[in-house]
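J.: how would this look folded up:
(one chain, ligands or ions: 1)
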Amino acid sequence: MAAIGKQSDSKKPHELVIVLDFGAQYAQLIARRVREQNVYCEVWPYDSTLEEVRAASPKAIIYSGGPASVYADGAPRSDERLLTAGIPILGICYGMQLMSLSLGGDVRRPDRREYGKASFKPTPGASPLFAGLDEEMQVWMSHGDSVLEPPAGFTVIGRTANTPVAAICDAARSLYGVQFHPEVVHTPRGAEVLRNFLFKVAGCTGEWTMESYITEATSEIRAKVGENGRALLALSGGVDSSVAAVLVQRAIGDRLTCVFVNNGLLRLGEPEQVIETFRRNLKMNLVYVDATDRFLSKLRGVTQPERKRKIIGETFVRVFEEEAAKLEAQTGHIDFLVQGTIYPDVIESGTRTAATIKTHHNVGGMPSDVKFKLVEPLRNLFKDEVRQVGEQLGLPEEIVWRHPFPGPGLGIRVLGPVTRPRLEVLRQADAIAIEEIRRAGLYRDIWQAFAVLSNQRSVGVMGDERTYGYTVVLRAVTARDAMTADWARLPYDLLERISSRIMNEIKGVTRLVYDVTSKPPATIEWE
Ligand code: XMP
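T.: You can find the predicted model right below:
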């Protein structure tokens, strides 16, 4: 497996903290919490070796939690030499148990798991980890195994009613462990615990900011593309490709060409807005290709979602390749392709230990055997960081905060056959819903909101007449990432406004229903 995020290719000029991922859904969250302290952090596989870690010179390592018992068959183990390498380590939950077991402590599996909030009492003055915190604080526990006796050289530095050994340290070796999860919101002062570890134990200074990221990324792109190299980027108008475009433009100016393909499956006004922003406002080299006819004719009569995805993806690649060839005929050889890959894509597509893997995300992108060399300037950033970079680079609010939009676009939101009239109905319904949600000030609180055109027609009345028209579905979800989502509790009066406007303003729609399913069990999209 390719090393996840390992930076052995180039030493970063800033501080690095490594989270070893023992399979917790929390590993990414830990990394984000560390970055919020302005310390750059990467998630690495749990079995990274001492040599790999040393080569990256981290200031500290954090062992994440994980679902396994340290006694389970095949329980993930780290390179034990890390524990005596002189690098400060914080073990969280499973990480603390593993550290204890590896160094000769006593770890037991009690009859019951402990799950939920607990009241944690740090031993006063016992360690810098809890400096500045109260005598008692709420923490989040989720564990089966417990440390009964810490290894020789360790002291107990905190407890809860159920867990007498809830935090341990060996100050001489800079090894720390906490049974609770400092990274989750249910540990309200968890950020301070992490901060103490980073700044008071590991000696970090916190100099990593989005400005420093932009400066560093810009010079890396310049170095990679060289003095005369040219790059291409497939611009979708979404946050990631837009931010990548602006960052690369900053580095290599008009040696970047963006290709924006209108597949006929975009939302109302979207092509115009993207052209306005990138060509007029940002003065980018933008090639606009209206391939609507080509996409829609390929989609004619196709109803199966996976077929739609495949057709849309393949057609996109063909169109893009043709445009690239035309450009090369004009400007000479193009070596580089810029992609808006972000850090969760990197982690989720590669770690051996992650429980869930995204499958269809960003399909419809480039095939893996493209002839270009890849430039992925956002590869190390989380979504919220990408947004911050976008804001700092002066991208407009509508782009930086735009809801995620799938590559196959409205093609998978028109259920059943995709035709121009059906797309038109959906576009208008979607635009009304989004306009009202924005007007209510709720757009940013929602992860994704959109309309779906069902293939269910239903009866209605209008005046004295019976009508027969489309049923439109409104979907709005809140989420932290797209792996899980909850249906958004939109206010009734907002739903009412959306409904009455859609009924009044769009001919042929007779019913609006609101989707109240979360993910799981449902997905966010309908197809
Ligand atoms: P689901 O529907 O699986 O979606 O809960 C999770 C996230 O992925 C987006 N999505 C896609 N994105 N190509 C994409 O680029 C696709 O085929 C695709 N299908 C779903 C969806 O909008 C949500 O953000």
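J.: okay, CA-based contacts and neighbour counts for the rest of this
T.: Noted.
J.: grab the longest helix from this protein for me.
T.: Secondary structure assigned by DSSP state H gives helix 305-331 as the longest helix of the chain.
J.: which elements pack onto the helix or strand just after it?
T.: Scanning forward in sequence from helix 305-331 by DSSP states H and E, the next helix or strand is strand 336-338. Applying 3 or more C-alpha pairs under 8 Å, 6 or more residues apart in numbering; DSSP states H and E, we find strand 336-338 packed against strand 231-234, strand 373-375.
J.: so which of these is nearest Val139?
T.: Closest of the helices and strands packed on strand 336-338 to Val139 is strand 373-375, at 41.4 Å (criterion: C-alpha to C-alpha).
J.: the helices and strands packed on strand 336-338 into CSV, with extra columns for mean pLDDT, mean neighbour count and distance to the ligand?
T.: Conversion of these to CSV gives the following (pLDDT from 0 to 100; neighbours: other C-alpha atoms under 10 Å; distance: least, C-alpha to the nearest ligand atom, whole Å):
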stretch, mean pLDDT, mean neighbour count, distance to the ligand
strand 231-234, 97, 24, 13
strand 373-375, 94, 17, 19
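J.: tell me the mean pLDDT for the longest helix of the chain?
T.: The average pLDDT for helix 305-331 rounds to 95.
J.: what's the answer for stretch 71-88, then?
T.: What stretch 71-88 shows for mean pLDDT is 96.
J.: residues of that stretch that come out buried?
T.: Of the residues in stretch 71-88, Pro76, Ser78, Leu82, Leu83, Ile87, Pro88 count as buried by neighbour count, 16 or more other C-alpha atoms under 10 Å.
J.: strands - which of those land there?
T.: Secondary structure from DSSP state E places none of those in strands.
J.: the ligand: which of the residues you listed is nearest?
T.: Distance ranking of these against the ligand, using C-alpha to the nearest ligand atom, places Pro76 first at 28.8 Å.
J.: touching, the closest one and Tyr46? I think so.
T.: Yes: using C-alpha atoms under 8 Å, Pro76 makes contact with Tyr46 at a distance of 7.1 Å.
J.: what is the burial count for Gln304?
T.: By other C-alpha atoms under 10 Å, the residues close to Gln304 number 13.
J.: again but with Leu490, I slipped
T.: Counted with other C-alpha under 10 Å, residues neighbouring Leu490 total 15.
J.: show me the contacts for it.
T.: Counting by C-alpha atoms under 8 Å, 6 or more residues apart in numbering, Leu490 makes contact with nothing.
J.: helix/strand/coil for it?
T.: Assigned with DSSP: H, G, I helix; E, B strand; the rest coil, Leu490 falls in the coil class.
J.: hang on, the earlier thing: and the longest helix of the chain, what's buried?
T.: By neighbour count on 16+ other C-alpha under 10 Å, the buried set for helix 305-331 is 305, 308-309, 311-317, 319-320, 323-324, 327.
J.: closest to Ala152 among the buried residues of stretch 71-88?
T.: The nearest member of the buried residues of stretch 71-88 to Ala152, counting by C-alpha to C-alpha, is Leu83 at 13.5 Å.
J.: hang on, isn't Val346 packed against Arg379?
T.: Yes: at 7.0 Å, Val346 counts as touching Arg379 under the criterion of C-alpha under 8 Å.
J.: who's more crowded, the two?
T.: The residue with more neighbours, out of Val346 and Arg379, is Arg379; 19 against 16, by other C-alpha under 10 Å.
J.: surely that one is within a helix?
T.: No: Arg379: not assigned to a helix; according to three-state DSSP it is coil.
J.: spit out the contact partners of it.
T.: For Arg379, the contact set (C-alpha under 8 Å, 6+ apart) comprises Gly340, Thr341, Ile342, Tyr343, Val346.
J.: if we go to 7 Å?
T.: Applying C-alpha atoms under 7 Å, 6 or more residues apart in numbering, we find Arg379 in contact with Thr341, Ile342, Tyr343, Val346.
J.: and if you look at Ser518?
T.: Counting by C-alpha under 7 Å, 6+ apart, Ser518 makes contact with Ala485, Asp486, Trp487.
J.: what count of nearby residues applies to the last one?
T.: One way to gauge burial is a neighbour count; for Trp487, by other C-alpha under 10 Å, it gives 21.
J.: how close does it sit to Gly226?
T.: Distance, Trp487 to Gly226, by C-alpha to C-alpha, to the nearest Å: 47 Å.
J.: now the second one
T.: Remark: distance between Asp486 and Gly226 (C-alpha to C-alpha) = 46 Å.
J.: who touches both of Pro76 and Tyr46?
T.: Both Pro76 and Tyr46 are in contact with Phe22, where contact means C-alpha under 7 Å, 6+ apart.
J.: quick check, pLDDT for the residue of the chain most remote from its centre.
T.: Distance to the chain centre peaks in the chain at Asp464, reaching 50.7 Å (criterion: C-alpha atoms, centre = their mean). Per-residue pLDDT puts Asp464 at 82.
J.: between Asp486 and Gly226, tell me which one has more neighbours.
T.: Between Asp486 and Gly226, counting by other C-alpha under 10 Å, Asp486 is the more crowded of the two (19 against 11).
J.: shouldn't that one be in contact with Lys519?
T.: Yes: Asp486 lies in contact with Lys519 (C-alpha atoms under 7 Å); the separation is 6.2 Å.
J.: and the buried residues of helix 305-331 near the ligand, which?
T.: Contacts with the ligand within those, as defined by C-alpha under 6 Å from any ligand atom: Arg309.
J.: of the buried residues of helix 305-331, closest to Val287?
T.: Glu323 (8.4 Å).
J.: ok, which stretches of the stretch 151-300 of the chain are strands?
T.: 155-159, 167-170, 175-178, 231-234, 256-262, 286-290 (DSSP state E, counting those that start in this stretch).
J.: correction: the previous question concerned the stretch 401-527 of the chain.
T.: Assigned strands in the stretch 401-527 of the chain, in chain order: 448-462, 465-478, 486-487, 509-514 (criterion: DSSP E, counting those that start in this stretch).
J.: wait, which of those strands is closest to the ligand?
T.: Minimum separation from the ligand across the strands of the stretch 401-527 of the chain (C-alpha to the nearest ligand atom) falls at strand 448-462, 7.0 Å.
J.: give me the pLDDT value at the nearest residue to Val34 once chain neighbours are set aside.
T.: In space, Val34 comes closest to Cys41 once its chain neighbours are excluded; the distance is 6.4 Å by C-alpha to C-alpha, 6 or more residues apart in numbering. Per-residue confidence (pLDDT) for Cys41: 96.
J.: which helix or strand contains Cys41?
T.: For Cys41, the host element (DSSP H and E) is strand 40-45.
J.: which neighbouring elements make contact with that strand?
T.: Applying 3 or more C-alpha pairs under 7 Å, 6 or more residues apart in numbering; DSSP states H and E, one finds that strand 40-45 contacts strand 16-21, helix 27-35.
J.: is Gly340 in a helix, a strand, or coil?
T.: What three-state DSSP gives for Gly340 is coil.
J.: hang on, the earlier thing: switch the strands of the stretch 401-527 of the chain over to JSON lines; also include distance to Ala24.
T.: Below are these laid out as JSON lines (distance: least, C-alpha to C-alpha, whole Å):
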{"stretch": "strand 448-462", "distance to Ala24": "26"}
{"stretch": "strand 465-478", "distance to Ala24": "22"}
{"stretch": "strand 486-487", "distance to Ala24": "21"}
{"stretch": "strand 509-514", "distance to Ala24": "34"}
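J.: export those as TSV, with columns for distance to the ligand.
T.: As requested, these are exported to TSV (distance: least, C-alpha to the nearest ligand atom, whole Å):
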stretch	distance to the ligand
strand 448-462	7
strand 465-478	10
strand 486-487	11
strand 509-514	16
